[in-house]
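>>> Predicted model and sequence below, questions to follow.
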Amino acid sequence: RYLLFSMDRNGGMLSGRVSHTPYPLSEVTVDNCETDLFELNGLAKPSRPFDHAIGSRGVSVEVFPLVNASTRP
């Protein structure tokens with residue numbers, strides 16, 4: 001269900017299956033936020049605070065071997 005993508009040394013696309021339990025989510029407080037990525041991607045800087053913010057402490061993830069993405073069904 002989950003895939004990750006990466007590039008090999010020659011610029012080819014690789015993909016690998018990923019398995020993990022759902023992320024446990026919790027409310028967070030945003031003390032500081034960098035918005036430079038919006039502008040770097042051609043988007044306007046946000047003009048107001050976020051409506052909602054959540055986070056997760058993470059989960060254990062199992063990543064299966066990477067394969068050429070063009071051969072993955």
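Looks like it arrived, so ask away. Residues are numbered from 1 along each chain as shown.
>>> Show me the shaky parts of the chain.
Confidence mapping of the chain against pLDDT under 70 gives the ranges 1, 72-73.
>>> Quickly note the distance from the closest residue to residue 19 other than its chain neighbours to residue 11.
Take residue 19 and drop its neighbours on the chain: the residue closest to it by C-beta to C-beta, 6 or more residues apart in numbering is residue 62, 4.6 Å away. All C-beta spots, glycine's among them, are computed from the backbone N, C-alpha and C. Separation of residue 62 from residue 11 (C-beta to C-beta, to the nearest Å) stands at 27 Å.
>>> go on, residue 48?
To residue 11, residue 48 is 40 Å away according to C-beta to C-beta.
>>> quick one: the strands in the protein?
Listed in chain order, the strands found in the chain under DSSP state E are 2-7, 13-19, 26-27, 54-55, 62-63, 67-68.
>>> With residue 36 as the reference, name the closest of those strands.
Taking C-beta to C-beta as the criterion, strand 54-55 is the member of the strands of the chain that comes nearest to residue 36, at 20.3 Å.
>>> Show me what the closest one packs onto, helices and strands only.
Contact analysis of strand 54-55 by 3 or more C-beta pairs under 8 Å, 6 or more residues apart in numbering; DSSP states H and E lists strand 26-27 as its packing neighbours.
>>> Identify the residues contacting the residue nearest to residue 19.
Contact analysis of residue 62 by C-beta atoms under 8 Å, 6 or more residues apart in numbering lists 18-20.
>>> Mind listing residues that contact stretch 21-37?
Surrounding stretch 21-37, the residues in contact under the criterion C-beta under 8 Å, 6+ apart are 45-46, 49-50, 53-60.
>>> What separation is there between residue 68 and residue 16?
Relative to residue 16, residue 68 is positioned 11 Å away (C-beta to C-beta).
>>> Of the two, which one has the most company?
Using other C-beta atoms under 10 Å, the more surrounded residue of residue 68 and residue 16 is residue 16, with 16 against 11.
>>> Which residues are in contact with the more buried one?
Residues touching residue 16, when contacts are defined by C-beta under 8 Å, 6+ apart, comprise 3-4, 6, 63-67.
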